[in-house]
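K.L.:
Got a sequence here, can you build the structure:
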Amino acid sequence: MLPSLNGLRAFEAAARHLSFTHAAAELNVTQTAISHQIRRLEEQLGRRLFVRRSRGLSLTREAQEYLPAVRTAFDDLRRATARLQRPEREGLLTVSTTASLAAKWLVTRVAGFQEANPGIEVRITTSPHLVDFQREEVDMAVRYGRGNWPGLRSQWLMAEDIFPVCSPSLMKDAKPLRQPEDLAHHTLLHTTAGREDWQLWLTAAGLPVSLALRRGLSFDQPFMALQAAMEGLGVALGRSRLVDADIAAGRLVVPFDLKLPVDAGYYVVAPEETADSSKIALFRDWLIQSVTPHGEGAADAEQQDQRSRSTATSRVARAGARRR
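P.N.:
Okay, here's the model as predicted:
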C-alpha cells in the first residue's frame, strides 16, 4: 500500500530544506502539521526518516535512499500536470526520430503536411536515444523496432530492406562492382551500430563475414556513411527508406540484386494518454497515409509488408544455401 501523499510531500520538502519550519512555509501549513505528517509517514513505513539534532535535522540512511525516488515521482507529476493543463502548446507539434531518418526521409515530407495544416507548427528533433516522454518536451516519435514500448501506443508505419549502395563512379572503377565477390576490392563503410547488418547481408550473399571485419571507415550516423558512399569513398549498406531518394536522383546506385528484409520496422508512437489528441492523430494519420498512397489501412499495409518480408527472407535463405 502506498503511503500518504501529504506525508510524502512533507517529507520531500522537509528533506530539501532540512527544516520543518521552512517546509511548512513552502506548503502553507503549520510546523505542527508537518511534524504530524512526518510522524505518520514514519509509522506507515516502519522507518525513521529524520534525526533531530541541536543544529537542525539530518536524514537517516534509509531516508537518503528513499528521497531520490520520491523526488523523481513528484517531478514527474508536476511535469505531467503542466502538460495536461497547458493548451496544446499553441499548435506546436514536436516529433522525435533519428538524425538519419529525419534528414533522409521525414524532412522531405513535412512540407506537405505543413501546407495542408498551416495551423500546426511541426518541430523535428533528433536524438540517438529513445526519448523519455515523461521528461522531454516531445509529443510523438517515429521509432525503429518491433513496436513493444510499454506505456506507448505504437502504430505500424513501414518496413525496409538493407542492401549495398555506392557512387555510380565505383561501377566504372578499375575494379568495378559486378558481383558481390567484388566487394573484396573495395572499402566497406560502417556505422557504429550497423556492422552486424553487413555480416547478415554478406552471409545471405554467400560471402565470408570476415569482409565486414576489415578496417575501413566508420560513422556514428547512417546518413554520414551514405554521404561518404556518394563521394566515392566506399560501399555503404543502405536501408531502403534512407536511400530511395538518392537512388532516384542518381547519387547512389544499387550494384547487386540481393536485398535483405529486416525483422523490425518503423512505428509512429505517442504516450497512451495523449495519443488521441487532435494534432498527434492528424500527423500520425497523414504520415501513415503518405506511405500507403493507394489508401490501404495501416493494418493492411503491415500485413502486406510482413508477407513481403517473409517471402523475401525465404528467398534469401534459399539463395544463401545454394551458394554454400
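
K.L.:
Test my guess that residue 162 contacts residue 260.
P.N.:
Yes. Assessed by C-beta atoms under 8 Å, residue 162 is found in contact with residue 260 at 5.1 Å. Bear in mind the C-beta positions are built from the backbone N, C-alpha and C, glycine included.

K.L.:
and for these two, which residues touch both?
P.N.:
In the contact map built from C-beta atoms under 8 Å, 6 or more residues apart in numbering, the residues linked to both residue 162 and residue 260 are 200-201.

K.L.:
Residue 39 sits in which helix or strand?
P.N.:
helix 31-45 (DSSP states H and E).

K.L.:
So which elements touch that helix?
P.N.:
Applying 3 or more C-beta pairs under 8 Å, 6 or more residues apart in numbering; DSSP states H and E, one finds that helix 31-45 contacts helix 5-17, helix 20-27.

K.L.:
Quick check: which of the ones you listed is nearest to residue 110?
P.N.:
For the helices and strands packed on helix 31-45, proximity to residue 110 was assessed by C-beta to C-beta; helix 5-17 is nearest, at 41.6 Å.

K.L.:
tell me which residues in the closest one are buried?
P.N.:
Buried residues in helix 5-17, counting neighbours by 16 or more other C-beta atoms under 10 Å, are found at 6-15, 17.

K.L.:
And what about the residue nearest to the spatial centre of the chain, helix, strand or coil?
P.N.:
What sits nearest the mean C-alpha location of the chain, by C-alpha atoms, centre = their mean, is residue 130, with 3.8 Å. The three-state label for residue 130, taken from DSSP: H, G, I helix; E, B strand; the rest coil, comes out as coil.

K.L.:
where are the low-confidence patches of the protein?
P.N.:
Where the chain drops to pLDDT under 70, the residues are 82-90, 194, 293-324.

K.L.:
Please repeat the previous calculation with a cut-off of 80.
P.N.:
In the predicted model, the chain carries pLDDT under 80 at residues 1, 54-56, 79-90, 128, 173, 193-195, 213-216, 292-324.

K.L.:
got the residue ranges for the helices in it?
P.N.:
For the chain, the helices identified by DSSP state H occupy 5-17, 20-27, 31-45, 61-85, 99-101, 107-116, 195-204, 222-230, 240-248, 278-290, 298-323, in order along the chain.

K.L.:
Which of those has the highest mean neighbour count?
P.N.:
For the helices of the chain, ranked by mean neighbour count under the definition mean count of other C-beta atoms under 10 Å, the leader is helix 222-230 at a mean of 23.
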